[in-house]
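J.: Predicted model follows, preceded by the sequence.
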Amino acid sequence: MFYVVELSISDPREGPLGLIAYSPESQEADVLNVLDGVIRSLRFRNLAAPTAGQKANRENDRATLDAKALAKGPKKELREFDGYVLEATLPALKECVLGLDFSDKCFPENLPANVFRPDKTLLTAIDDVYWAHYHPFEVHGRQVYWIFRDSGECKTVDQNCQTWTDEIWTKDTATNKKERLAAAKGIDFRASPTGKLLMYEDGTKLMKLDLETKKSEAIFDVVDMDVDHIIDMSGFSPDGGEFDFSIDSGTTCVKAASYRSGKLSWHPCP
């Protein structure tokens with residue numbers, strides 16, 4: 001096996017300076033020597049200031065690329081769950097379309113999005129999905145579930161402002177009725193395929209919400225383990241009768257668990 005490093009200057013349209021291939025057995029000093037040699041060789045490249053003609057050509061190239069990007073319109077972002085696709089459109093401002101601004105103006109926390117069925121037909125629209133979440137939505141039957149971030153008085157989520165919270169919402173796509181189900185900081189969730197239960201994290205606790213009675217209860221608290229671990233949700237079985245999760249330390253599974261019929265059972269990590 002070989003690793004390959006591509007060197008390029010600041011403008012990617014200038015193309016790569018060259019490729020360096022090395023194996024895991026290569027000595028670090030050898031690789032650094034090669035890199036140093038390539039960098040020193042730049043002095044012999046024609047890096048003089050561009051002529052007026054070259055500047056004009058580059059400006060024309062950039063103008064052409066910008067025009068093509070603007071013609072395509074706002075960028076779209078996609079998320080997928082079980083064949084369903086969540087499609088959000090970033091703000092249509094010029095600086096956002098051209099990728100010149102990476103602030104909240106171009107990448108707001110919540111985005112409007114469309115939910116498409118596996119056959120690519122539109123299921124419904126959602127006004128405010130917390131897009132930065134790794135698992136922002138699920139679809140089960142006619143119910144859509146998603147996470148919304150309420151920033152409160154915070155302009156950004158940081159240690160100096162703690163009024164923000166995450167909320168789990170659901171929508172009946174037949175009636176368009178929306179309902180808030182739960183709220184917590186840094187929330188994560190999984191909904192059962194039967195529409196009867198919702199599992200979510202509230203701080204260190206794994207919570208179970210009965211979607212019929214709307215009553216919730218804690219079924220496990222990481223604090224009880226006396227260690228700094230996190231809950232990693234796997235999900236429900238296809239019949240909705242069992243929920244699997246694990247307790248992780250960083251990226252390493254410590255214990256695995258299953259919750260069925262009100263009972264929690266532990267077993268070795270897979």
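T.: Alright, I've got the coordinates. Residues are numbered from 1 along each chain as shown.

J.: Can you give the distance from stretch 250-258 to the centre of its chain?
T.: Mean-position distance between stretch 250-258 and its chain equals 21 Å (CA atoms, centre = their mean, to the nearest Å).

J.: How about stretch 261-270?
T.: 28 Å.

J.: can I get the CA coordinates of it in PDB?
T.: Provided in PDB are the C-alpha atoms of stretch 261-270 (Å, rounded to 0.1, in the frame of the first residue of the first chain):
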ATOM      1  CA  SER A 261     -41.000  -4.900  27.200                       C
ATOM      2  CA  GLY A 262     -39.800  -2.500  29.900                       C
ATOM      3  CA  LYS A 263     -36.600  -4.500  30.600                       C
ATOM      4  CA  LEU A 264     -33.000  -3.500  30.000                       C
ATOM      5  CA  SER A 265     -30.500  -6.200  29.200                       C
ATOM      6  CA  TRP A 266     -26.700  -5.800  28.800                       C
ATOM      7  CA  HIS A 267     -24.500  -7.900  26.500                       C
ATOM      8  CA  PRO A 268     -20.900  -7.600  25.100                       C
ATOM      9  CA  CYS A 269     -20.200  -5.100  22.300                       C
ATOM     10  CA  PRO A 270     -20.500  -6.500  18.800                       C
END
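
J.: Give me the contacts around stretch 143-160.
T.: Contacts to stretch 143-160, defined as CB atoms under 8 Å, 6 or more residues apart in numbering, come from residues 86, 104, 109-110, 115, 123-124, 126, 128-130, 132-133, 135-139, 161-173, 181, 183, 187, 189, 191, 195, 198. Glycine gets a C-beta too; all of them are placed from N, C-alpha and C.

J.: Which PyMOL command selects the buried ones in those?
T.: If you want just the buried ones from the contacts of stretch 143-160 in PyMOL, going by 16 or more other CB atoms under 10 Å, the selection is:
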select buried, resi 86+109+110+115+123+124+126+128+129+130+133+136+137+138+139+164+165+166+167+168+169+170+171+181+187+189+191+195+198
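
J.: In helices, which of the contacts of stretch 143-160 fall?
T.: If you go by DSSP state H, the contacts of stretch 143-160 have nothing in helices.

J.: For residue 110, list each beta-bridge partner.
T.: Beta-bridge pairing for residue 110 (DSSP bridges): residue 130.

J.: give the contact list for it.
T.: So residue 110 contacts 128, 129, 130, 131, 148, 149 (CB under 8 Å, 6+ apart).

J.: of those, closest to residue 213?
T.: The closest of the contacts of residue 110 to residue 213 turns out to be residue 148 (CB to CB; 23.0 Å).

J.: ok, residue 246 to residue 143 distance?
T.: Per CB to CB, to the nearest Å, residue 246 is found 26 Å from residue 143.

J.: Please compare those two by neighbour count and tell me which comes out ahead.
T.: residue 246 (20 against 16; other CB atoms under 10 Å).
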